[in-house]
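**Student:** From the sequence below, what's the structure:
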Amino acid sequence: MAEALRAYTVGSAQILGWDNTLGVLAPGKMADCICLDQDPLALPVDQVRQVRVTRTIVHGRQVFPLLERQL
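**Tutor:** Here you go, the predicted model:
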């Protein structure tokens, strides 16, 4: 599971040639991220599909769920 998450984050940034600006949460890098209701690394692989996104942040702004003041 850790290898798959790394491939989708750091790996994708490297393939696109954007690893200097995104792929990991670090100072000076873009910080788009999601919050999950469970830790996928703590689950058996066959249960990972049950993990749900509870919040999405893009360019420092919460876009899911929408906040009332953003409507």
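**Student:** Okay, now the sheet partners of the lengthiest strand in the chain, with direction.
**Tutor:** Longest strand of the chain, by residue count under DSSP state E: strand 53-58. The pairing partners recorded for strand 53-58 under DSSP bridges are strand 33-36 (antiparallel), strand 61-64 (antiparallel).
**Student:** What are the contacting residues of it?
**Tutor:** With Cβ atoms under 8 Å, 6 or more residues apart in numbering as the test, strand 53-58 has contacts from 31-37, 62-65. For every residue, glycine as well, the C-beta is placed using N, CA and C.
**Student:** could you redo the last one with a cut-off of 7 Å?
**Tutor:** Strand 53-58 is contacted from outside by 32-37, 62-64, using Cβ atoms under 7 Å, 6 or more residues apart in numbering.
**Student:** CSV for those residues, including neighbour count?
**Tutor:** Output for the contacts of strand 53-58, formatted as CSV (neighbours: other Cβ atoms under 10 Å):
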residue, neighbour count
Asp32, 14
Cys33, 11
Ile34, 11
Cys35, 12
Leu36, 11
Asp37, 10
Gln62, 13
Val63, 13
Phe64, 13
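**Student:** Spell out the secondary structure type for Trp18.
**Tutor:** coil (DSSP: H, G, I helix; E, B strand; the rest coil).
**Student:** gap between it and Val24?
**Tutor:** Distance of Trp18 to Val24, computed by Cβ to Cβ, to the nearest Å: 11 Å.
**Student:** again, but for Val10
**Tutor:** Per Cβ to Cβ, Val10 is found 6 Å from Val24.
**Student:** More neighbours: which of those two?
**Tutor:** Under the criterion of other Cβ atoms under 10 Å, the comparison of Val10 against Val24 puts Val10 first, with 14 against 11.
**Student:** What pLDDT is listed against the nearest residue to the more buried one once chain neighbours are set aside?
**Tutor:** Leaving out its chain neighbours, the residue that sits closest to Val10 by Cβ to Cβ, 6 or more residues apart in numbering is Gly23, at 4.3 Å. Looking at Gly23, its pLDDT stands at 90.
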